[in-house]
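Participant: What follows is a predicted structure for the sequence shown.
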Amino acid sequence: RYRDAVHFQEPRDYPRGMKGDSSRIRWLDDPSAIDLEISGAKGSGLARARAEGFPVLNGFIIPPACSKDAFSRAVTAFETRGTGGARMVIIGHELPERLVAQIDEFSATFPTPLIVRSSSVLESSGGWSGAFTSIPEIQRHEIVRAVKSVWATNFSIEVLDRLKAAEISPEAALMGVLIQPEIVPDFGGAARIDGRGAVTVTAVKGTPRDLMAGWAPGVKATFENGQLVG
């Protein structure tokens, strides 16, 4: 059921050493980063897009396997302390020194601020859209704390309800994390195409984060039959 729920990809035949350690941090351009097991759904999709030549911003992946120990401890805490206790166990979890050193090494090449994004193995299904968090405006020394904050959303009340409905154990829904430089746009938004081919654009000044979350209405215009309306 877990494999069905996440549309799990079948194992690939990698050249020896290419896939390697499933807990090793790697760039999106690493050939093994296209694998769901290695990068989570969001990271895997972006790695595949970069491999195909699309202009995807560079970044690096902390694989889902890195969350296994923290999630196992959180499940134990959840049984006695509830969702809040489970999240606090993750926040207080000490990452291995090797992992922290890799984070420092990879992030040193990026300008700040950074954005720390969820890449759960579950996010290949549209039903999990918006379930997990991304944390913007992060400095390099804050990455470790931000990673644990992203992991902790797996034990929020909303996500636990979704997991229960899907009959998936929280311990099985491992969480990859994607770190990229944060884009600070002059404006941003979304474009939608209807059945007639009309394109409706909704936009706001600055980051479209509040627009996409439904907190800001934005400015709307529609382009149809060569005419711009709105």
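Facilitator: That came in fine, so what should we check first? Residues are numbered from 1 along each chain as shown.
Participant: So, low pLDDT: which residues of the protein?
Facilitator: 1-20, 125-126 (pLDDT under 70).
Participant: mind listing the helices for it?
Facilitator: With helices called from DSSP state H, the chain shows them at 2-5, 36-51, 68-91, 97-107, 143-152, 157-165, 209-212.
Participant: closest to Ile25 out of the ones you listed?
Facilitator: helix 97-107 (4.3 Å; CB to CB). In short, each C-beta sits where N, CA and C put it, glycine included.
Participant: Could you pull out the buried residues of that closest one?
Facilitator: Leu99, Gln102, Ile103, Phe106, Ser107 (16 or more other CB atoms under 10 Å).
Participant: what does stretch 188-200 give?
Facilitator: Gly188, Gly189, Thr200.
Participant: what about Glu37, how many neighbours?
Facilitator: 19 (other CB atoms under 10 Å).
Participant: Can you tell me the closest non-neighbouring residue to it?
Facilitator: Closest residue to Glu37 apart from its sequence neighbours, by CB to CB, 6 or more residues apart in numbering: Ser22 at 6.4 Å.
Participant: State the number of residues packed around that neighbour.
Facilitator: 14.
Participant: Same question for Pro55.
Facilitator: Pro55 has 6 nearby residues by other CB under 10 Å.
Participant: same deal with Gly226?
Facilitator: Based on other CB under 10 Å, the number of other residues close to Gly226 is 5.
Participant: ok, Thr83 - contacts?
Facilitator: Taking CB atoms under 8 Å, 6 or more residues apart in numbering, we find Thr83 in contact with Phe155, Ser156, Ile157, Leu160.
Participant: separation between the first one and Pro55?
Facilitator: In this case it means Phe155. Counting by CB to CB, to the nearest Å, the separation of Phe155 from Pro55 is 35 Å.
Participant: do the same with the last one
Facilitator: Counting by CB to CB, the gap from Leu160 to Pro55 is 37 Å.
Participant: Over to the third one?
Facilitator: Applying CB to CB, the value for Ile157 to Pro55 is 38 Å.
Participant: How about Phe187?
Facilitator: 18 Å.
Participant: Might one say that Lys68 is in contact with Leu174?
Facilitator: Yes. Using CB atoms under 8 Å, Lys68 makes contact with Leu174 at a distance of 6.0 Å.
Participant: Which of these two has more residues huddled nearby?
Facilitator: Using other CB under 10 Å, the more surrounded residue of Lys68 and Leu174 is Leu174, with 22 against 16.
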